[in-house]
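S.K.: no sequence for this one, just the structure:
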């Protein structure tokens with residue numbers, strides 16, 4: 001068959017670990033007298049390592065600094081890999097290998113022939129693919145750690161985006177269901193256990209359904225949420241995500257006018273009833289979310305340019321004279 005030039009980006013795009021990197025993690029037997037020129041998260045860098053990294057370059061301050069920086073970055077990357085816990089499976093490598101074959105219009109076997117023709121060892125090739133996948137995962141993980149977004153940043157940019165949209169007449173109006181909810185809360189204690197609180201709310205619910213009492217009266221008499229209890233359990237209109245997840249889930253799944261079964265949240269045991277629903281304005285939330293995404297994306301792009309800089313920010317690096 002005719003062998004054509006294929007996309008071999010996975011073969012030579014990744015630098016293999018050099019002998020210098022291997023030396024970084026070798027036991028320091030017999031070199032105790034060597035000078036330590038820096039430490040990276042407590043790991044020592046020796047003068048001999050810097051000299052080896054210099055190679056044939058002139059031994060001056062600028063080149064020594066570049067060599068030291070290179071060693072520091074290599075150590076940080078290796079430490080990040082170890083700390084990430086990321087593992088690449090054989091199936092993941094197979095998937096990439098198959099995609100390379102597909103993108104070049106080759107079968108698996110034909111790609112193996114091409115590799116052999118170009119003198120590329122199949123197992124080394126797979127190891128390079130695995131290493132690239134590993135580095136991509138670790139890179140993304142560490143970029144995420146470097147991103148910091150404050151509430152103030154989001155609110156400021158969100159308000160700015162909304163005002164600009166309103167000024168241009170292109171504001172995007174967004175609505176979502178919001179619900180008026182009333183509830184009764186019982187808090188557990190050494191005497192009122194989970195089982196007893198659940199049973200008590202079941203009893204109260206049964207009395208309300210039997211019209212022996214009203215929800216309002218039961219809330220005033222029993223609810224430990226005293227603020228809403230004085231209002232007959234009424235929490236007013238709110239979007240579900242303003243509540244804790246367990247409470248929000250019951251709100252979303254409840255039909256108006258139907259009292260829920262007892263359920264537990266971090267605050268205690270509840271029964272609730274959705275009394276009304278309506279479309280609420282979430283335009284402000286929409287622009288805050290848009291602002292958040294813009295801030296995160298901008299930071300991610302900046303960190304992606306040199307993700308090792310993010311490792312340096314979080315590392316303890318000491319340069320010793």
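M.R.: Cool, the structure landed. Worth saying up front: this structure is predicted, and the values here are computed from it rather than measured.

S.K.: the helix or strand encompassing residue 83 - contacts with which helices or strands?
M.R.: According to DSSP states H and E, residue 83 maps onto helix 61-84. For helix 61-84, the packing partners by 3 or more Cβ pairs under 8 Å, 6 or more residues apart in numbering; DSSP states H and E come out as helix 19-24, strand 36-40, strand 43-46, helix 47-54, helix 122-146, helix 307-314. Just so you know, the C-beta spots here come from the backbone N, C-alpha and C atoms, and that holds for glycine as well.

S.K.: can you give me the angle the longest one makes with helix 61-84?
M.R.: What it means is helix 122-146. 90 degrees (axes from the mean of the first three to the mean of the last three Cα atoms, to 10 degrees).

S.K.: next, the buried residues of helix 122-146.
M.R.: Neighbour counts using 16 or more other Cβ atoms under 10 Å place 125-126, 128-135, 137-139, 142-143, 146 of helix 122-146 among the buried residues.

S.K.: same question, the last one
M.R.: Neighbour-count burial for helix 307-314, with 16+ other Cβ under 10 Å as criterion, is recorded at 307, 308, 310, 311.

S.K.: ok, so of those, who is nearest residue 200?
M.R.: Here the nearest of these to residue 200, counting by Cβ to Cβ, is residue 310; it sits at 52.6 Å.

S.K.: so who does the closest one touch?
M.R.: 142, 143, 145, 146, 303 (Cβ atoms under 8 Å, 6 or more residues apart in numbering).

S.K.: any idea of the pLDDT on the fourth one?
M.R.: In other words, residue 146. At residue 146, the pLDDT value in this model is 71.

S.K.: that one against residue 313, yeah?
M.R.: Yes. Residue 146 is in contact with residue 313 according to Cβ atoms under 8 Å; the separation is 6.6 Å.

S.K.: which strands and helices sit next to the longest strand seen in the chain?
M.R.: Ranked by number of residues, the top strand in the chain under DSSP state E is strand 268-281. Under the contact definition 3+ Cβ pairs under 8 Å, 6+ apart, strand 268-281 sits against strand 175-186, helix 194-209, strand 234-238, helix 245-253, strand 263-265.

S.K.: need the residues that contact the next helix or strand after that strand.
M.R.: Next in sequence after strand 268-281, counting helices and strands by DSSP H and E, comes helix 283-305. Applying Cβ under 8 Å, 6+ apart, the contact partners of helix 283-305 are 139, 143, 146-149, 153-162, 165, 171-174, 309-310.

S.K.: likewise stretch 220-228?
M.R.: The contact list for stretch 220-228 (Cβ under 8 Å, 6+ apart) reads 182-187, 200, 204, 219, 229-230, 232-235, 267-268.
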